[in-house]
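model this:
(chains A and B)
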Amino acid sequence: AQTVTQSQPEMSVQEAETVTLSCTYDTSESDYYLFWYKQPPSRQMILVIRQEAYKQQNATENRFSVNFQKAAKSFSLKISDSQLGDAAMYFCASIPRGSQGNLIFGKGTKLSVKP
Amino acid sequence: EPEVTQTPSHQVTQMGQEVILRCVPISNHLYFYWYRQILGQKVEFLVSFYNNEISEKSEIFDDQFSVERPDGSNFTLKIRSTKLEDSAMYFCASSGTSGGEETQYFGPGTRLLVL
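Below you'll find the model as predicted:
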């Protein structure tokens, strides 16, 4: 069974600074996908970034990038030039290749952005 | 940009009553999912649905729950006899044509409160 662990319940960053959110996972699968979702106070789940485990290159989406360390089973999210609108819960999630859809989520990290 | 929609946004019901939560997935998607999030906890998978049948379900998805795609656009989750512990945010999600490993796009959620 897959597990996803987010060890930081809360993080804080100054506006315009950079912050890194940690995520580790455990899986026996050889191929899988990893995601970061953002959940603002409205509680809608919004996709931030996706990484395919067979790709060595780290995914990037504008100010958001990941540091994917497959051997260490680590998948951290870096937010550059943090903005007030980045304040939200961030969930790391994984799913095995070929799955019928059971996304496994971590417990989340609450990010605060200070003006 | 196409998006998943859910109705109602909020629902309050009495314990023992039946509720139906509705979702309209993205129009060309073939895979549909329900997740729930109890307040303060992580998002949990309930069920996935493809080709008019359940593909996978979790232990949470017991006989009290059912899903249906009554027409070409709606996807519903029915809880037959609600319990207090069913109070949660329920998210619908959909993904494209290749299966659950594809990116799942979430709706805004339905907040269910059972009294």
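
Contact residues of chain A facing chain B?
Residues of chain A lying close to chain B by CB under 8 Å from any CB of the partner chain are A:32-33, A:35, A:37, A:42-47, A:50, A:91, A:93, A:95-108. C-beta coordinates here come from the backbone N, C-alpha and C atoms, glycine included.

rerun at 7 Å
A:33, A:43-45, A:47, A:50, A:91, A:95, A:97-103, A:105-108 (CB under 7 Å from any CB of the partner chain).

Quick one: end-to-end distance for stretch B:62-82.
12 Å (CA to CA, to the nearest Å).

What segments of the chain are strands?
Looking at chain A here, since you left the chain open. A:3-5, A:10-14, A:19-21, A:24-26, A:32-39, A:46-52, A:60-61, A:64-69, A:74-79, A:88-96, A:104-105, A:109-114 (DSSP state E).

meant chain B actually
Using DSSP E, strands in chain B cover B:5-7, B:10-13, B:19-24, B:31-37, B:44-50, B:53-57, B:65-68, B:75-79, B:88-95, B:105-106, B:110-114.

got CSV for those, with distance to A:Glu15, mean neighbour count and mean pLDDT too?
Converted to CSV, these look like this (distance: least, CB to CB, whole Å; neighbours: other CB atoms under 10 Å in any protein chain shown; pLDDT from 0 to 100):
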stretch, distance to A:Glu15, mean neighbour count, mean pLDDT
strand B:5-7, 32, 17, 95
strand B:10-13, 32, 14, 96
strand B:19-24, 36, 19, 97
strand B:31-37, 28, 25, 94
strand B:44-50, 33, 22, 94
strand B:53-57, 42, 15, 92
strand B:65-68, 43, 17, 96
strand B:75-79, 39, 19, 97
strand B:88-95, 29, 24, 94
strand B:105-106, 27, 22, 91
strand B:110-114, 30, 18, 96
